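>>> Have a look; sequence and predicted model below, questions after that.
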There are 2 protein chains.
Amino acid sequence: MNSQSVNTQPAVGFIGLGIMGKPMAKNLIKAGYHLNVYNRTASKADELVALGAVPHASPAALASKSDVIIVMVSDSGDVEQVVLGPSGVIEGVQRGAVVIITSTISPSTVRNVAAKLAQKDVEVLDAPVSGGEEGAKNATLSIMVGGKRGIFDRCLPILRAVGTNVVHMGEVGMGEMAKLCNQIMASLNLLAMCEGLTLAAKAGLDLEKLLEALQGGAARSWALVNQAPKVLKGDFRPGFTIKLQQKDLRLALGAAEELHVPLLGCSLVHELYKAVEAEPGGELFGNHALIRAIEKLAGCEVRVP
Amino acid sequence: MNSQSVNTQPAVGFIGLGIMGKPMAKNLIKAGYHLNVYNRTASKADELVALGAVPHASPAALASKSDVIIVMVSDSGDVEQVVLGPSGVIEGVQRGAVVIITSTISPSTVRNVAAKLAQKDVEVLDAPVSGGEEGAKNATLSIMVGGKRGIFDRCLPILRAVGTNVVHMGEVGMGEMAKLCNQIMASLNLLAMCEGLTLAAKAGLDLEKLLEALQGGAARSWALVNQAPKVLKGDFRPGFTIKLQQKDLRLALGAAEELHVPLLGCSLVHELYKAVEAEPGGELFGNHALIRAIEKLAGCEVRVP
């Protein structure tokens, strides 16, 4: 990093000020970092600029002023665009800088981006996060990190400013791979909750009592504790949208295809979400709206009156 | 109940002294109940008789001396046999007694048994338990109870002597229905853990670090916390055997068939277990050996060296 003095914190650039990115960027300002910001829709930076962040006209311009550049855009293509595309990070970035990709994208895209940036003596960490908007706001994200150990150690204070559980998983790409394993498990835990609740509803069980009875035992999951109560209320506002969930499952199934790992359950969940996406506005429902696919099949609604 | 005085605790009969039944019976003795016992293999009662339990030659003989009769045998057929069969409970039971079925069996079998016993003025509670051998030993079982509210209240002290989380779910059969919902969720949470871990292993992730990274987030489940570490060690001793897990999934799928609820995920798990049952001794592995089916498909082993 090219900090001017030992006591100066590195200048951090932040690209992608969406639902997750903006609160993460705020937490970096709170932690005392000089923050450069870029967003495709420039007005999304206004709030941060009011807090002292410096806006830039392109990822390249931002990169030229930053020691560490955090990229939090949606998908693999977006990351390639802002890093490798015209006026991208790669056109302005300084030797010795570090690019931290916090988006959930494919491990192979991360490795490809890292190889291109290595030619400019720029290191990459992939550091996808888990914990949603809530976790981003409260700086309690879980962060799974891939990349060289030394780079991880250098960037740890920055990652700790946005998350609590920061784990080094291995070489570049391994953070993304861990995140995909997380998404496989989380989505199947959701299916578990949905199938159990649907049978319960059709059998006429008291669904609130059921949650009380099941939370102490082997049925317990993050989904059962956090998402089942929303299902019973019919509250399908996102947390995490089906659109993003499907993107992540596509990435998981893609990685599993490369590695010849049949994911029978995960692919089933991916298919079932299509039945919810078929509804108007369905892809913007929260991912617990998976229940709506099972409800359609069973011809019932899983609600507490 | 036909207790001789207000201060006398009811005499409890216990039928089925297996892995779960024996420690439950011990906890009833500890709690001060006079205990009558019966087991098909009589020698299994020896330890309890040494503690003061009174052995009986048949379920009918046991029932004639008991105010409350607990039945903890394996399957629907076994329950019908010891309750309704020759020398069964129904031949000796006294008016006003209560039969508590703690086995996991089909809700419709429970309702059938209850209808037959009602003709003798005998009430039934279905009270299947969750928490395994460990929970049975420590009297920390979760118990989901179906039956009349008044009967539930009367029997609550007995249930509290063997479990901690005792929840009244509704009319007769609803305890079993809740337990089946529990088993659906627990088995799919297992599949979630198995698919995620298998991709991780094939990708070369550090599996212990992965568990550390994932336990704080949306992938969290009872299976991930309690069973994934056993998988990594290759320790497939039961907890809960695949044989019993398959019996319970058969019951869940049967109940779901009656109610026209398609359980795509649960039936997938049931099918996958067949690949583990095909191994010598496979049906006596713990239910977390589901991983062995996914390992076969992916051609790898999910272990920490």
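Perfect, thanks for sending it. Numbers count the residues shown, from 1 in each chain, chains lettered A, B, ... in the order given.
>>> now the residue of the stretch 1-150 of chain A found nearest chain B, which residues is it bridged with?
Closest contact between the stretch 1-150 of chain A and chain B, by CB to the nearest CB, is at A:Ser130 (4.1 Å). Using the backbone N, CA and C atoms, a C-beta is placed for each residue, glycine as well. Note on A:Ser130: beta-bridge partners by DSSP bridges are A:Ser142.
>>> show me what contacts it?
By CB atoms under 8 Å, 6 or more residues apart in numbering or on different chains, the contact list for A:Ser130 reads A:Leu141, A:Ser142, A:Ile143, A:Met144, A:Lys179, A:Asn182, B:Gly216, B:Gly217, B:Ala218.
>>> and if you look at A:Gly204?
B:Gly170, B:Met174.
>>> residues in contact with A:Glu277?
By CB under 8 Å, 6+ apart, A:Glu277 lies in contact with A:Ile242, A:Gln246, A:Glu283.
>>> again, but for A:Lys148
Taking CB under 8 Å, 6+ apart as the criterion, A:Lys148 is in contact with A:Glu123, A:Glu171, A:Val172.
>>> With adjacent residues omitted, what lies nearest to the second one?
To tie it back to what came earlier, the one meant is A:Glu171. A:Gly146 (6.0 Å; CB to CB, 6 or more residues apart in numbering or on different chains).
>>> Would you agree that neighbour is in contact with A:Gly175?
Yes. If you go by CB atoms under 8 Å, A:Gly146 and A:Gly175 touch, sitting 3.6 Å apart.
>>> Run through the strands of chain A in chain order.
Ranges of strands in chain A, per DSSP state E, are A:12-15, A:35-38, A:54-55, A:68-71, A:98-101, A:123-126, A:129-130, A:141-146, A:163-170.
>>> How about residues contacting the fourth one?
Right, strand A:68-71. By CB under 8 Å, 6+ apart, strand A:68-71 touches A:1, A:10-16, A:24, A:28, A:59, A:62-63, A:79, A:82-83, A:89, A:93, A:97-103, A:155, A:158.
>>> and that strand, which strands flank it?
Counting by DSSP bridges, the strands paired with strand A:68-71 are strand A:12-15 (parallel), strand A:98-101 (parallel).
>>> just for chain A, where's the confidence low?
Low-confidence segments of chain A, defined by pLDDT under 70: A:1-7.
>>> what about 80?
For chain A, applying pLDDT under 80 flags the ranges A:1-8.
>>> Okay, domains of it per the record?
Here the domain parsing of chain A from automatic domain parsing is A:12-172, A:178-298.
>>> Nearest to B:Tyr33, out of those domains?
Among these, the nearest to B:Tyr33 by CB to CB is domain A:178-298 (24.3 Å).
>>> Which positions in the stretch 201-305 of chain A make contact with chain B?
Listed as neighbours of chain B in the stretch 201-305 of chain A under the rule CB under 8 Å from any CB of the partner chain: A:202-206, A:209-210, A:212-214, A:216-224, A:226, A:252, A:255-256, A:259-266, A:268-269, A:272, A:294, A:297-300.
>>> Any chance of a ChimeraX selection covering the buried ones in the residues you listed?
In ChimeraX, this line selects whichever of those come out buried by 16 or more other CB atoms under 10 Å in any protein chain shown:
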select /A:202,203,205,206,209,210,213,214,216,217,218,219,220,221,222,223,224,226,252,255,256,259,261,263,264,265,266,268,269,272,294,297,298,300
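>>> Now stretch A:27-41: buried residues?
By 16+ other CB under 10 Å, the buried positions in stretch A:27-41 come out as A:Asn27, A:Leu28, A:Ile29, A:Ala31, A:Tyr33, A:His34, A:Leu35, A:Asn36, A:Val37, A:Tyr38, A:Asn39.
>>> got those residues as JSON lines, with distance to chain B columns?
JSON lines is the format used below for those (distance: CB to the nearest CB, whole Å):
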{"residue": "A:Asn27", "distance to chain B": "18"}
{"residue": "A:Leu28", "distance to chain B": "21"}
{"residue": "A:Ile29", "distance to chain B": "25"}
{"residue": "A:Ala31", "distance to chain B": "21"}
{"residue": "A:Tyr33", "distance to chain B": "24"}
{"residue": "A:His34", "distance to chain B": "30"}
{"residue": "A:Leu35", "distance to chain B": "26"}
{"residue": "A:Asn36", "distance to chain B": "29"}
{"residue": "A:Val37", "distance to chain B": "27"}
{"residue": "A:Tyr38", "distance to chain B": "28"}
{"residue": "A:Asn39", "distance to chain B": "26"}
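>>> Including distance to A:Ala289, could those residues go into a markdown table?
Below are the buried residues of stretch A:27-41 laid out as a markdown table (distance: CB to CB, whole Å):
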| residue | distance to A:Ala289 |
| --- | --- |
| A:Asn27 | 29 |
| A:Leu28 | 32 |
| A:Ile29 | 34 |
| A:Ala31 | 35 |
| A:Tyr33 | 37 |
| A:His34 | 41 |
| A:Leu35 | 35 |
| A:Asn36 | 37 |
| A:Val37 | 33 |
| A:Tyr38 | 33 |
| A:Asn39 | 28 |
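>>> hmm, back to that, hey, which of the strands paired with strand A:68-71 is tucked in deepest?
strand A:12-15 (a mean of 30; mean count of other CB atoms under 10 Å in any protein chain shown).
>>> how distant is that one from the center of its chain?
17 Å (CA atoms, centre = their mean, to the nearest Å).
>>> Kindly report the same for stretch A:234-254.
Relative to its chain's centre, stretch A:234-254 lies at 10 Å (CA atoms, centre = their mean).
>>> Residues touching it, excluding its own?
A:74-76, A:104-106, A:132-134, A:176, A:179-181, A:183-184, A:187, A:227, A:230, A:263, A:266-267, A:269-270, A:273, A:276-277, A:282-290, A:292, A:301, A:303, B:199.
>>> And it, what's buried?
Quick answer for stretch A:234-254 (16+ other CB under 10 Å): A:236, A:238-249, A:251-253.
>>> among the contacts of stretch A:234-254, which ones are buried?
Buried among those by 16+ other CB under 10 Å: A:74-76, A:104-106, A:132, A:176, A:179-181, A:183-184, A:187, A:227, A:230, A:263, A:266, A:269-270, A:273, A:276-277, A:282-283, A:285-290, A:292, B:199.
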